[in-house]
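Quick one: sequence plus predicted model below, questions after.
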Amino acid sequence: MLTVRCKSCNTEITSTSKAQCCGCSNRMVVHADTVSANDLSEVLLLDSEKNLKSHGILTKVDLEYQENRRQRKVRKLNFEVR
C-alpha cells in the first residue's frame, strides 16, 4: 500500500488496484505500486511498504575480491619472434 500527496493540490491518494488521479494540472496517477505525474518533483511519498533505499548488490566478499583483482599487476610476456 502506497500513500502519496500531490504538492500542487494537496490531495492525498492511497493506492488500490484501481488507478486514481488527483485531477489537477500535475495529473498525478497512482496505480498499485506505481506513481506517475507530469512533474514528479511535485509528488511526495508519504508511506510505502517497500523500502526505497537501495542496498548494494555486491556482498562484502564480492567487494573484497574485486578490490584484490583491481590491485593485480599486468605481467608482460616476452615472446621470441623467429
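Perfect, thanks for sending it.

When you work out contacts or count neighbours from here on, use the C-alpha atoms and nothing else.
Will do.

So in terms of bridging, what pairs with residue 48?
residue 2 (DSSP bridges).

That one touches residue 14, doesn't it?
No. Between residue 48 and residue 14 there is no contact under Cα atoms under 8 Å: 9.7 Å.

what do those two both touch?
1, 2, 3 (Cα atoms under 8 Å, 6 or more residues apart in numbering).

Is it possible to get a markdown table of those that adds neighbour count, pLDDT and distance to residue 25?
Compiled in a markdown table, the shared contacts of residue 48 and residue 14 are given as follows (neighbours: other Cα atoms under 10 Å; pLDDT from 0 to 100; distance: Cα to Cα, whole Å):
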| residue | neighbour count | pLDDT | distance to residue 25 |
| --- | --- | --- | --- |
| 1 | 12 | 80 | 25 |
| 2 | 19 | 87 | 21 |
| 3 | 18 | 91 | 20 |
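
what sits against the closest residue to residue 12 other than its chain neighbours?
What sits nearest to residue 12 in space, not counting adjacent residues and going by Cα to Cα, 6 or more residues apart in numbering, is residue 5, at 4.3 Å. Counting by Cα under 8 Å, 6+ apart, residue 5 makes contact with 11, 12, 13, 43, 44, 45, 46.

Could you identify the buried members of those?
With burial judged by 16 or more other Cα atoms under 10 Å, the buried subset of these is 12, 13, 43.

Among those residues, which lie within helices?
Within the buried ones among the contacts of residue 5, no residue falls in helices by DSSP state H.

would CSV of these with pLDDT and distance to residue 32 be doable?
As requested, those are exported to CSV (pLDDT from 0 to 100; distance: Cα to Cα, whole Å):
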residue, pLDDT, distance to residue 32
12, 93, 15
13, 93, 11
43, 94, 16
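
Output those in TSV; the columns should cover distance to residue 79.
Output for those, formatted as TSV (distance: Cα to Cα, whole Å):
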residue	distance to residue 79
12	72
13	71
43	64
